[in-house]
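**Q** have a look; sequence and predicted model below, questions after that.
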Amino acid sequence: MIEIHSLCKTFKGQKVLDNLDLVIPEGRITVIIGPTGTGKSVLMKHIMGLIKPECGEIIYDGRNISTLSDKELDEVRKHFGVCFQDAALFDSMSVGENIGFPFAMHTKLSREQISHEVAELLREVGLSGIEAKMPSQLSGGMRKRVGLARALAMNPKVLLFDEPTTGLDPVMTSAINALIRQVQAKSRATCLVISHDIQGAFALADHMAMIFDGRIVFEGTPEEFQQTQDPLVRQFLEGRLEGPINPIQ
Ligand SMILES: Nc1ncnc2c1ncn2[C@@H]1O[C@H](COP(=O)(O)OP(=O)(O)OP(=O)(O)O)[C@@H](O)[C@H]1O
Ligand SMILES: [Mg+2]
């Protein structure tokens, strides 16, 4: 459903995406893993049409995202539920207004109906009753879950999660992974999760891809990841210092 062909991006002479190819299968969960600073968030922003590629293309539903007008892009984004790495909540809006925002923007639901939807989404992420709080009053983990609730609003066809469980405790991490699985199984959305949580990745993924130096270096099922002897994958999964990934350059 989403095809990425030869995607390139350079920031101030630094090559971040280097001819990246990836197919994100429809109605499945794809998990992208990879070291910090290797272009995972930049890739997600390209899929959202927030960054224009230098070369290459992103095809969604047969359309090239990077050539769409702002109006066409707005239409496409209605299908997308996105949870950014830093939650990206609107700081001047309450939690309730943040989660209700997609409904207020794109539907004709009444205030009561929106409140009902918001309450249900907050319940799903384990934060019932915090509608009136402002983002600045939340812990990092709470912000994350509010961002997640907003991404799930309106049953999007495509779900993009950038590090949905980073900063959460192990039990909450499992709960959020289970929620993503459950929502995806119900909606059959095409789901892309960027994650450092290796156990979670294995629990969630139908398909996995590892990104390193702006390229996909390994792709396959969770079983193929567990079995491969590819040195990049092995070093990353085992968290070893020795190997081709040099964290301190
Ligand atoms: N808007 C920008 N302008 C300049 N450089 C950028 C910009 N966005 C990202 N970069 C650079 O691109 C590289 C990749 O960043 P990105 O955020 O995609 O990493 P990441 O793989 O998501 O890392 P992490 O696991 O830490 O979230 C980094 O070196 C970063 O400094
Ligand atoms: Mg990132």
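**A** Great, that's in hand. Residues are numbered from 1 along each chain as shown. Ligands and ions are numbered 1, 2, ... in the order given.
**Q** all helices for this protein, in order.
**A** 40-47, 70-77, 95-106, 111-124, 140-152, 170-187, 198-204, 222-227, 231-238 (DSSP state H).
**Q** other SSEs contacting the fifth one?
**A** For helix 140-152, the elements it packs on are strand 80-83, helix 95-106, helix 111-124, strand 158-162, helix 170-187, judged by 3 or more CB pairs under 8 Å, 6 or more residues apart in numbering; DSSP states H and E. Using the backbone N, CA and C atoms, a C-beta is placed for each residue, glycine as well.
**Q** returning to that earlier point: adding mean pLDDT, mean neighbour count and distance to Leu89, write the helices of the chain out as TSV.
**A** Shown next, in TSV, are those (pLDDT from 0 to 100; neighbours: other CB atoms under 10 Å; distance: least, CB to CB, whole Å):
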stretch	mean pLDDT	mean neighbour count	distance to Leu89
helix 40-47	94	21	17
helix 70-77	89	13	17
helix 95-106	92	19	5
helix 111-124	95	16	13
helix 140-152	90	23	6
helix 170-187	89	16	17
helix 198-204	91	19	22
helix 222-227	95	14	32
helix 231-238	93	17	30
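**Q** which one of those helices lies nearest to ligand 2?
**A** Evaluated over the helices of the chain, closeness to ligand 2 peaks at helix 40-47, with 3.2 Å, by CB to the ion.
**Q** got a list of contacts for that closest one?
**A** Residues outside helix 40-47 that contact it (CB atoms under 8 Å, 6 or more residues apart in numbering) are 2, 4, 7, 9, 16-17, 20, 22, 32, 34, 51-53, 58, 60, 65-66, 82, 84-85, 160, 162, 192, 194, 211.
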